[in-house]
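1. Give the three-dimensional model of this entry:
(one chain, ligands or ions: 1)
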Amino acid sequence: STPNVWNFGPGPAKIPTSVLQRAQDELLNYNNTGMSVMELSHRSKEYENLNNKAQRDLRTLLNIPNNYKILFMQGGGHTQFSAIVYNLLSAKRHQLGEDFKEEFNPPLDYLITGSWSSKAAEEAKKLYNNVNIVFDVKKLKGSYGSIPPKEEWKLSGSKAAYVYYCDNETVNGVEFNHIPEIDPSVPLVCDMSSNILSRRFDVSKFGIIYAGAQKNIGAAGLTVVIVREDLLIRSNNKNSDIPAIPSMLDYKIMADHNSLYNTPPMFSIYISGLVFEWLLGLGGIEAIEKTNSTKAERLYEVIDNSKIYKSPVEKSVRSRMNVPFRIKQEELESEFLKGSIELGMLQLKGHRSVGGIRASIYNAMTLEGVDFLIEYMKEFERKHC
Ligand code: PMP
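-> Model prediction:
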C-alpha cells in the first residue's frame, strides 16, 4: 500500500513498505543477473541460494530445531487441510508397524474454534471416515468467541493419528493463549496462517505447523509447512489400508527435493525472504511481539471502554491479529466503514459470514496505523453518543 493508506485487510494483507520498495528496486535485475526473480530458472544457483537463505532466516526467526524440515508448498491453507490427512495417516500406519493386524482406523481429532478449523475438519471428513470433533464451539455456544476448558475436551488419547487446531481464527478473532496439552505420542498439528511470526512459541511441541503466506509472511502463492522429521514417511502404495499420497501433497517428496520438486512460486518465496530479513532487522520475533501486544491492547481498550462498540470474543482468547467488533446499533456500521474509507483506512469490513467490522493488525501494520484507527473510532463515538 502507499504511505497515505492504512490497509487493515485480513489477507492478502499489508506488506512492509520497505519490502515492497526493495522488490521494486530489484524487479528488473535481481542480484545482477539481468533478470527478474520471476524469470530465473528455478534450477539456477541464484534461486537455490534464495531458497536456502529464506529457509535459514525463517529457522532463525522461529528458532526451529534441526529435526524439523521447512517446506515451501503451494495451494494455500486449503490444500494443507487434505495434505495433513494423507501424510499423518501414513505416519500413523508406519508408527504402528508391519505387525499391526487390526483394522487401521485411527481417529483424527479436531478442535473447532472458528470457521477455518471447521472447514479443515469438513475437508478431512471427505477423505476419511473417522474424524473426531473434540469440541465445536458453535455447536456448544451458538457462535464462536470462546474456547471450552480442557475438562470438556473429548480427545481420543494415544489412538489418534493427530490432534488438529487453528491457533488464530482469522474470521472470528479467536486466538489460543497457550499450546494445547495432548498425549505426547500424538502429533499436534497447527494452522498458524494468521499469527505465525507474531509471537514466540516452542516449535518442538508440534508435529506440523503450516501457514499461508498472505498475512504475516508475504504474498499469496506460498504455504510454509514446518514438519518434524519422524513424520516424513514414504508413501506406501502397496499397503491397501492407507491411501497413497498425491505427490504434490507428499511432505517427504517436498523435503527430499528441498521444495524444488516442481516449479515453486518463486516470486512469493522471494517476497517472503525479504519479509524475513525485515523482521530480523527489527530485532526478530521478540521485538515485533511487543509491538503487536501494544497494538491489540490499545484497540481492545477502546472497544471495552466504549458505549457503542462491543467485542464478540471472550477476553482470554481475543486475537492480537484480527480484532472483530460490532457497533451496538448495527445500522451505524455502514456509516463507520464509509467514513473509514474516506480517511484511507481500507478493508475494515468484517468477513461476509459474520458481518460487523474487523481490524487485521498483522506485523506490517504499524502502531501509528492503529492509533489512527483509534482516533477515528473515538471521534465516531463522540458523534453518535
Ligand atoms: N486458515 C486460516 C487461519 C486462514 O485465515 C485462511 C485464509 N484466510 C486459510 C486457512 C485458508 O487459506 P487459503 O486461502 O490460503 O487456502
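
2. Enumerate the positions of stretch 57-70 that are buried.
-> D57, L58, R59, L61, L62, I64, Y68, K69, I70 (16 or more other CB atoms under 10 Å). Where C-beta positions appear, they are placed from N, C-alpha and C, glycine not excepted.

3. Switch these over to TSV; also include secondary structure.
-> Formatted as TSV, the buried residues of stretch 57-70 follow (DSSP: H, G, I helix; E, B strand; the rest coil):
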residue	secondary structure
D57	helix
L58	helix
R59	helix
L61	helix
L62	helix
I64	coil
Y68	strand
K69	strand
I70	strand
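
4. what about stretch 54-72, near the ligand?
-> No - residues of stretch 54-72 are not located near the ligand by CB under 6 Å from any ligand atom, the shortest gap being 13.8 Å.

5. contact partners of that stretch?
-> Residues from elsewhere that reach stretch 54-72, judged by CB atoms under 8 Å, 6 or more residues apart in numbering: 51, 196-197, 200-201, 203-204, 222-230, 232, 251, 254-255, 259, 264-265, 269-270, 272-273, 276-277, 279-280, 284-285.

6. any low-confidence regions in the stretch 201-350 of the chain?
-> The stretch 201-350 of the chain contains residues with pLDDT under 70 at 236-240.

7. how about the helices of it, start to end?
-> 251-256, 266-282, 284-304, 333-342 (DSSP state H, counting those that start in this stretch).

8. how about the last one as PDB, C-alpha atoms only?
-> When you say that, I think you mean helix 333-342. Once non-C-alpha atoms are left out, helix 333-342 reads as follows in PDB (Å, rounded to 0.1, in the frame of the first residue of the first chain):
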ATOM      1  CA  GLU A 333     -21.700   0.100  10.800                       C
ATOM      2  CA  SER A 334     -22.000   1.000   7.100                       C
ATOM      3  CA  GLU A 335     -21.500   4.700   8.000                       C
ATOM      4  CA  PHE A 336     -18.500   3.800  10.100                       C
ATOM      5  CA  LEU A 337     -17.000   1.800   7.200                       C
ATOM      6  CA  LYS A 338     -17.800   4.500   4.600                       C
ATOM      7  CA  GLY A 339     -16.100   7.200   6.800                       C
ATOM      8  CA  SER A 340     -13.000   5.000   7.400                       C
ATOM      9  CA  ILE A 341     -12.500   4.500   3.600                       C
ATOM     10  CA  GLU A 342     -12.700   8.300   3.100                       C
END
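
9. Mind giving me the packing neighbours of that helix?
-> Under the contact definition 3 or more CB pairs under 8 Å, 6 or more residues apart in numbering; DSSP states H and E, helix 333-342 sits against strand 322-327, strand 357-360, helix 367-384.

10. Apply 10 Å and report the result again.
-> strand 322-327, strand 345-346, strand 357-360, helix 367-384 (3 or more CB pairs under 10 Å, 6 or more residues apart in numbering; DSSP states H and E).

11. Run a quick neighbour tally on the nearest residue to L40 once chain neighbours are set aside.
-> Sequence neighbours aside, Y47 is the residue nearest to L40 in space, at 5.0 Å (criterion: CB to CB, 6 or more residues apart in numbering). By other CB atoms under 10 Å, the residues close to Y47 number 20.

12. Correct me if wrong: Y47 contacts P265.
-> No - between Y47 and P265 no contact is recorded; they are 11.8 Å apart, counting by CB atoms under 10 Å.

13. Report the contact partners of G11.
-> 77, 170, 193-194, 212-217, 220, 321-322, 347, 360, 362 (CB atoms under 10 Å, 6 or more residues apart in numbering).
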